[in-house]
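Participant: Build me a model:
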Amino acid sequence: MKVMIDLNIFIDVFQKRVPHYQDSSLVLTKILNKEITGFIAGHSVTTLYYLTSKFSGKQKALEVIDWILDHFEVESAGKEDFQNARKLDIKDFEDAVVVKCARSVGCDYILTRNSQDFNKSSIPAVTPENFLKEEDQEGKSMGSK
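Facilitator: Numbers count the residues shown, from 1 in each chain. A predicted model of the protein is given here:
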């Protein structure tokens, strides 16, 4: 299974934002354990660097980026991708680019805490909490067969 991780999930984990930290961390752990394949949109990498350096310093930001690059696939967008994202019926342009990147690599889900921002996405957007519940249900139903 392939999932596109929205920027807010990483921020939840790196800033240990309660109450979101636990579920977001569990999702990232599934990626680290290679249970699922995690993607991040290329433009999110630079935004994450900026935010982390602002709040935690340049060295921490570089460590975060190195960790991301070691464990996640990065899907970049070019001019045509941005033009296509502009045509999507999604209010926020940055979210539209995330959808475009997720579609480009065939993601099954976009994991975000702002799933309502992706309500017109062709790829289901779910919160980490709901994703984990669904994964748990699928595991239980498979085990009962």
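Participant: Name the nearest residue to residue 117, sequence neighbours excluded.
Facilitator: What sits nearest to residue 117 in space, not counting adjacent residues and going by Cβ to Cβ, 6 or more residues apart in numbering, is residue 95, at 5.0 Å. Glycine gets a C-beta too; all of them are placed from N, C-alpha and C.
Participant: ok, that neighbour - contacts?
Facilitator: The neighbours of residue 95, taking Cβ atoms under 8 Å, 6 or more residues apart in numbering as the test, are 114, 117, 118, 121.
Participant: now it: how far from residue 14?
Facilitator: Relative to residue 14, residue 95 is positioned 20 Å away (Cβ to Cβ, to the nearest Å).
Participant: Need the three-state assignment for the residue nearest to residue 117.
Facilitator: helix (DSSP: H, G, I helix; E, B strand; the rest coil).
Participant: Return the per-residue confidence for it.
Facilitator: Among the per-residue scores, residue 95 holds a pLDDT of 95.
Participant: Out of the contacts of residue 95, which two sit at the greatest distance?
Facilitator: 114 and 121 (11.3 Å; Cβ to Cβ).
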